[in-house]
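Trainee: Next one to model:
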Amino acid sequence: MTNSALTEEAILARPAAQGSRVPRGLRPWLTPKIVLGGGIVLVLVIMGVLAPAISPFDPNRQNLLGAMQAPQWLAGAHFLGTDHVGRDILSRIFYGARISLVIAITVVVISGIVGVGLGAISGYFAGKIDFAIQKLVEVVWAFPPLLLAIAIMAFFGQGLGILIFALVIQRWIPYCRVARGQALSLRSRDFVHAARSLGARNARIVMKHILPNLMQAATVIGTFAMATAIIAEASLSFLGLGVPPSIPTWGGMLADGRAYISTSWWLALFPGLCIFFTVLGINLLGDGMRDIFDPRLKRSGQGMG
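Mentor: Residues are numbered from 1 along each chain as shown. The predicted structure follows:
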């Protein structure tokens, strides 16, 4: 082969080599939806984890002489101002991110374990077990989610554990329904028949063959469930039925600022923006993950990715 032919092949191969700098497995995760949504979620995680280190003040420290100060930005100590009892808004937003993150992750994990487990059992065994579990789903699903959570909080009182229980009580149902539908299909697959013919017990088949195939769908549901959990927690805190008042939350800050919204706009604006951007970021991330895990649901020409 001549030198000119080698040079031509090198020139033609150069763009392909330059375009392959990003690993092929990483390319689907670099869509605008996942990058933007993941960036917002990453900021939320950093705010929550590093809240004690980056907060300029104690979130519950009151200073009545410095109450209702407008945002001072970089010109003063209180970057986003103070509330009606002199507490620093920025510090309370940082600690509110920690509470939202803890509640969202805990609710998603517990709901996912309960829902996927019951859905896998319901779909795999079918028959009477499936009938009993689905009747339980119908009974619990009949109650409006927010009203049921309000009733639980009103009956048992305020507390972080009670709040998580009130949010979990219905949020396992989407996991259960999706897992059941997939388990009904998986139970008739060849690899399940092969495992059964080799003497594998039902419990081993469910644990080793059914549940691993349900994780992708559960992950997508979990990302959207985090957003709804944050909104539900903010709603309950806004109504005074969330965590105790000594724990700063974005919903509680909104409730404190509604009486002063016409004169002190910063009290409600900043926690409201935090809720908005957090839910937006989680939904974008979940939508992007859904496109990756289930391309059949991807809508061409729509969305940001």
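
Trainee: Okay, buried residues for the lengthiest helix in the chain please.
Mentor: Looking across the chain with DSSP state H, the single longest helix is helix 89-125. Using 16 or more other C-beta atoms under 10 Å as the test for burial, helix 89-125 gives 89-101, 103-104, 106-108, 110-112, 114-124. Every residue, glycine included, has its C-beta placed from N, CA and C.

Trainee: for stretch 159-175, same thing?
Mentor: Buried, per 16+ other C-beta under 10 Å, within stretch 159-175: 162-175.

Trainee: Run a quick check on residue 99 versus residue 248, I expect a contact.
Mentor: Yes - look at residue 99 against residue 248 with C-beta atoms under 8 Å: they come within range, at 7.1 Å.

Trainee: what residues does the helix or strand hosting residue 165 touch?
Mentor: Assigned by DSSP states H and E, residue 165 falls within helix 160-171. Outside helix 160-171, the residues that touch it by C-beta atoms under 8 Å, 6 or more residues apart in numbering are 102-103, 106-108, 110-111, 114-115, 140-141, 143, 145, 148-149, 152-153, 156, 225, 228-229, 232-233, 236, 242-243, 247.

Trainee: Tell me who's in contact with the closest residue to residue 80 other than its chain neighbours.
Mentor: Leaving aside its sequence neighbours, residue 80 sits nearest to residue 89 (C-beta to C-beta, 6 or more residues apart in numbering; 4.0 Å). Residue 89 makes contacts with 71, 78-83, 253, 266-267, 270, as judged by C-beta under 8 Å, 6+ apart.

Trainee: rerun that using 7 Å as the cut-off
Mentor: 80-83, 266, 270 (C-beta atoms under 7 Å, 6 or more residues apart in numbering).

Trainee: Of those residues - the most surrounded one?
Mentor: residue 82 (28 neighbours; other C-beta atoms under 10 Å).

Trainee: Just grab the bridge partners of that one for me.
Mentor: residue 88 (DSSP bridges).

Trainee: mind checking how far it is from residue 74?
Mentor: As judged by C-beta to C-beta, to the nearest Å, residue 82 and residue 74 stand 16 Å apart.
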